[in-house]
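> Output the structure for:
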Amino acid sequence: MGKPIHFNILGEKYVLKRELGLLENDLMGRCSAHRKIIEVDARLKGFDYKSTMLHEFVHAVIHESSVNQAIPIQLEEIICDQIAKCLCQNFTIYPKAQK
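Alright, predicted model coming up:
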């Protein structure tokens, strides 16, 4: 769905993709650190899209920095939620245009 966006996350190239069907699996988005892909459901718009994208971006940062090895997944989810929410509330954030 649309042109993928690329992110540099601590020296690793990640791809952001809009995917249909995540909501049917009770997911708004997901991050695969192994595959270097962040997926966000294509039907999300506005705040839901941005907060989900940032939530998954923070997951990628946590995994690339190996912090995930030191914290339980439940704490990782809280950290991702709160950082994404705070960024959305305080900054206007758009993915950088691709060249």
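
> Tell me where this structure has helices.
Assigned by DSSP state H, the chain shows helices spanning 46-64, 73-90.

> With mean neighbour count added, can I get the ones you listed in JSON lines?
Any C-beta I mention is one placed from the backbone N, CA and C, and that applies to glycine too. Formatted as JSON lines, the helices of the chain follow (neighbours: other C-beta atoms under 10 Å):
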{"stretch": "helix 46-64", "mean neighbour count": "20"}
{"stretch": "helix 73-90", "mean neighbour count": "14"}
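
> The ones you listed: which one's closest to residue 4?
Taking C-beta to C-beta, helix 46-64 is the member of those nearest to residue 4, at 12.7 Å.

> which residues are in contact with that closest one?
7, 9-12, 14, 16, 28-31, 33, 38-41, 44, 68, 71, 76, 79-81, 83-85, 87-88, 93, 95 (C-beta atoms under 8 Å, 6 or more residues apart in numbering).

> Can you give me the pLDDT of residue 63?
pLDDT, residue 63: 97.

> which one's the longest strand in this protein?
Counting by DSSP state E, the longest strand found in the chain is strand 12-19.

> buried ones in that one?
Going by neighbour count (16 or more other C-beta atoms under 10 Å), the buried part of strand 12-19 is 14, 16, 18, 19.

> what's the answer for stretch 27-46, then?
28-31, 33, 36-42, 44.

> gap between the residue nearest the centre of the chain and residue 20?
Of all residues in the chain, the one closest to the mean position by C-alpha atoms, centre = their mean is residue 56, 2.1 Å from it. For residue 56, the distance to residue 20 (C-beta to C-beta, to the nearest Å) stands at 16 Å.
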